[in-house]
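A.B. asks: Have a look at this prediction, sequence included:
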4 protein chains.
Amino acid sequence: MAGETRMSQPAKTSRGRDRRNSLLDSAREVFEELGYFDTRVADIVAHAKVGHGTFYSYFDSKDDVLRALIDNLVEATYSASAMPIDHSGGPRDHLRATIVQFMDAYRERAGMHRILVQATSYSAEFLSRRLEIKEQFLGRIEQSIVAWQQRGVAPLDLDPFHAATALGGMVEDAAFAQYVLHQPIDEQIMITTLTTIWSQTVGLPESHSTPPVTI
Amino acid sequence: MAGETRMSQPAKTSRGRDRRNSLLDSAREVFEELGYFDTRVADIVAHAKVGHGTFYSYFDSKDDVLRALIDNLVEATYSASAMPIDHSGGPRDHLRATIVQFMDAYRERAGMHRILVQATSYSAEFLSRRLEIKEQFLGRIEQSIVAWQQRGVAPLDLDPFHAATALGGMVEDAAFAQYVLHQPIDEQIMITTLTTIWSQTVGLPESHSTPPVTI
Amino acid sequence: MAGETRMSQPAKTSRGRDRRNSLLDSAREVFEELGYFDTRVADIVAHAKVGHGTFYSYFDSKDDVLRALIDNLVEATYSASAMPIDHSGGPRDHLRATIVQFMDAYRERAGMHRILVQATSYSAEFLSRRLEIKEQFLGRIEQSIVAWQQRGVAPLDLDPFHAATALGGMVEDAAFAQYVLHQPIDEQIMITTLTTIWSQTVGLPESHSTPPVTI
Amino acid sequence: MAGETRMSQPAKTSRGRDRRNSLLDSAREVFEELGYFDTRVADIVAHAKVGHGTFYSYFDSKDDVLRALIDNLVEATYSASAMPIDHSGGPRDHLRATIVQFMDAYRERAGMHRILVQATSYSAEFLSRRLEIKEQFLGRIEQSIVAWQQRGVAPLDLDPFHAATALGGMVEDAAFAQYVLHQPIDEQIMITTLTTIWSQTVGLPESHSTPPVTI
DNA sequence: GATGAATGAGTCTTCATTCAT
DNA sequence: AATGAATGAAGACTCATTCAT
């Protein structure tokens, strides 16, 4: 399915970079509207108002644009989660802010998250990419649980990896249900609920006395 | 213009039922091996050792078999979650048993759950079917949370619907990660972790004194 | 297309004859409703409420029933045109009666005439059958023109064969337009018009004195 | 579900137009040789020496080429019947010239007329197209009959519409018998016969004194 | 570089006919 | 004799990708 992953043309000139970005945008918009499978290369080039040949001078294949888009999503997700968060409140406030940050980032790219799920079920290559995002996310959670255990806040009999997997999966699933499946979920109540479940699991007090731990 | 006869699933005879089941099994096995998209009708009929026409006398299309398989999955999932659970232990034991029951049912049909996710991302019709399963599952959780709140066990400021969505999503995601994505998760630790998170959220005591509430 | 025309099973027993006729009727009805091409053998056997196998024990193929039905049509057409006609009136009355007889016979079997035209354009074999009917019809006309010429009524410079072809074609086309294409034609006016054109061509007087010539 | 782009006849370039015409010619030739039903798209593309896809980038389906060919036939028929006719002779000469013009046009496109009849018996859409041609033809005849009646030449008790239907059908049937069915008809004798029948019906004198009426 | 016409392998689906029961 | 399940050849159509202009 994947083949030997020829790298798509780099496009040195600025004009080439623009064209490539334009195609990337078109591909994303069409994918988000029709889904990956129902999108034909013809749809993308029509949307970008270029010829078929142009598409293939920037990307090796339909899979290749998808790859590029997923790369962008991965990168954006990394950047988003690396953004600093206000530490002024207590640990629960901080946790809540972290969850809000995640939900915001997800909502903003909900269309591509839908495509990522499609791609995941279509090729092992894209599954790896998706797991890569998830592991990065879960790794940070695991570290924060370990930190809380070291401070004597979180119970020591909680397995950090499995708890991170459970809690992280919970948050991601909530985001998917809300922003991709458009389930009738109230954003604020859901954030409060997620924060509560998470806090109780790792033993965060309601008060603001405990020093914050960055997720 | 065309004749008016268009029947799939004609056979009421036992031979016809057998043939249909055989095709259904073949379809499931091939879907599980290759995924829905990479499966050709030719693969299914070859696996079932029948002619192309035979396939089309039991099913209207490739989509139609998928529909039938998903129907079976939905039905099986309903049945599984309706099975009685041992009530001899305390509430936590009971919750754990319920989670174990879910994980067992999921593991047993992991292949089809993978296909369900694929189908979900491919057609709105299958998405509805999947949400149907999930709502049934989440509805039961929501009711149990309400019951615990009425007994004064679960905190009243916990929104039952959103908590059910979060906790249910958490468990389903864990099952998916474990049995479909084959993430390196330890079954027992994960079950303990899920039980702990859930119990703490709804206020279940560690001891065995509280009367059980059926999920 | 036709192959070597194996004669379809003769059906010696009366039960067999009934079955065969029942199938023939079903085939005709379905052909008339759907047209030959859009009719599937499945439609015929469903209409006759018999199994596929039964069909093939009375007919060799789908073409074969069509052949049988066209044979019936040819035979019926021969019989109809051989029926005696009231000779009491003058020659024009007689001609008119003959045309009426033709139109009646055509109307009664309009559905099969439509099928005959379809079959004609589909296989040379059926074309021959159709021409056979037509030649029989035109031959009679030609003879009557010759007779009128011998009586000094019809002009001698009229070529009997070509006039018969023209006049016969005119009448057949009118029948087709009226009964198959359902063009908005008034039956009585059309019959009068055809009679007039024909009479003038062959010199029939308006009065009733000329002795009749049977077509 | 599918993309929204569905274009046939895209090419506005001269190359595209050429290709389309080449396919149209191939389709016509193959249809004329094998008949519409026995022609496969594969036959057409083989004859045109292009790939399958090329066919489908100019036409939506096998039906679609047929539609295009019939459109051409309709157009050509309109043009042909609109061509001026020599008025120097008497009314009979003029009528004869009109009939000759029709027969010439029919002979030239006999192959397509055969296909038109096939198409007619296959789909109501094509039947409409055929009737469209015929009505245009019969309408002109009807008008000329009315004109002759107004001049006191044609008998007033002749119904113009039904007479036009009868006479027009006669001529068309003669053309079909001659050029499509290849019946042993002598062209000149047939034209004389048709002219005679028609003339006598509408009362045209043999002499050249009556002023001509254009059909 | 850009274009879009051309390609053809790949799939689904139909239905006349056969034959085991 | 009757049945109807099974067959599989046949054919329409799609669309990612190539390449001549």
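C.D. replies: Yes, it's here.

A.B. asks: quick one: low-confidence ranges for chain A?
C.D. replies: For chain A, the stretches flagged by pLDDT under 70 are A:1-12, A:86-87, A:206-215.

A.B. asks: which stretch of helix or strand covers whatever residue of it ends up closest to chain D?
C.D. replies: When distances are taken as Cβ to the nearest Cβ, chain A approaches chain D most closely through residue A:43, which lies 4.3 Å from it. Where you see a C-beta, it was placed from the backbone N, CA and C, and this is true even at glycine. For residue A:43, the element it lies in under DSSP states H and E is helix A:41-48.

A.B. asks: And the contacts of that helix?
C.D. replies: The contact list for helix A:41-48, computed with Cβ atoms under 8 Å, 6 or more residues apart in numbering or on different chains, reads A:22-23, A:25-27, A:29-30, A:34, A:51-52, A:54-55, A:62, A:65, D:3-5.

A.B. asks: can we see that at 10 Å?
C.D. replies: Outside helix A:41-48, the residues within contact range by Cβ atoms under 10 Å, 6 or more residues apart in numbering or on different chains are A:19, A:22-31, A:33-34, A:39-40, A:50-56, A:58-59, A:61-62, A:65, D:2-5, D:7.

A.B. asks: Put the buried members of the residues you listed into a ChimeraX selection.
C.D. replies: To isolate the buried ones among the contacts of helix A:41-48 in ChimeraX, judged by 16 or more other Cβ atoms under 10 Å in any protein chain shown, type:
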select /A:19,22,23,24,26,27,28,29,30,31,34,39,50,54,55,56,58,59,62,65 /D:3
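
A.B. asks: check the contacts of helix A:41-48 against DNA strand F, which are close?
C.D. replies: Restricting the contacts of helix A:41-48 to those near DNA strand F by Cβ under 7 Å from any atom of the strand leaves A:39, A:40, A:52, A:53, A:55, A:56, A:61, A:62, D:2, D:3.

A.B. asks: care to break chain A down by domain?
C.D. replies: Taking automatic domain parsing as the domain assignment, the ranges for chain A are A:14-59, A:66-202.

A.B. asks: got the contact list for the residue nearest to the spatial centre of chain A?
C.D. replies: The C-alpha lying nearest the average C-alpha coordinate of chain A belongs to residue A:77 (Cα atoms, centre = their mean; 4.9 Å). Residue A:77 sits next to A:102, A:105, A:106, A:109, A:112, A:113, A:116, A:132, A:133, A:134, A:136, A:137 when contact means Cβ under 10 Å, 6+ apart.

A.B. asks: That one: what secondary structure?
C.D. replies: The three-state label given to residue A:77 by DSSP: H, G, I helix; E, B strand; the rest coil is helix.

A.B. asks: How about the residues of chain A by chain D?
C.D. replies: A:30, A:33-35, A:37-44, A:46-47 (Cβ under 10 Å from any Cβ of the partner chain).

A.B. asks: let's see it at 8 Å
C.D. replies: Among all residues of chain A, those adjacent to chain D (criterion: Cβ under 8 Å from any Cβ of the partner chain) are A:34, A:38, A:39, A:40, A:42, A:43, A:46.
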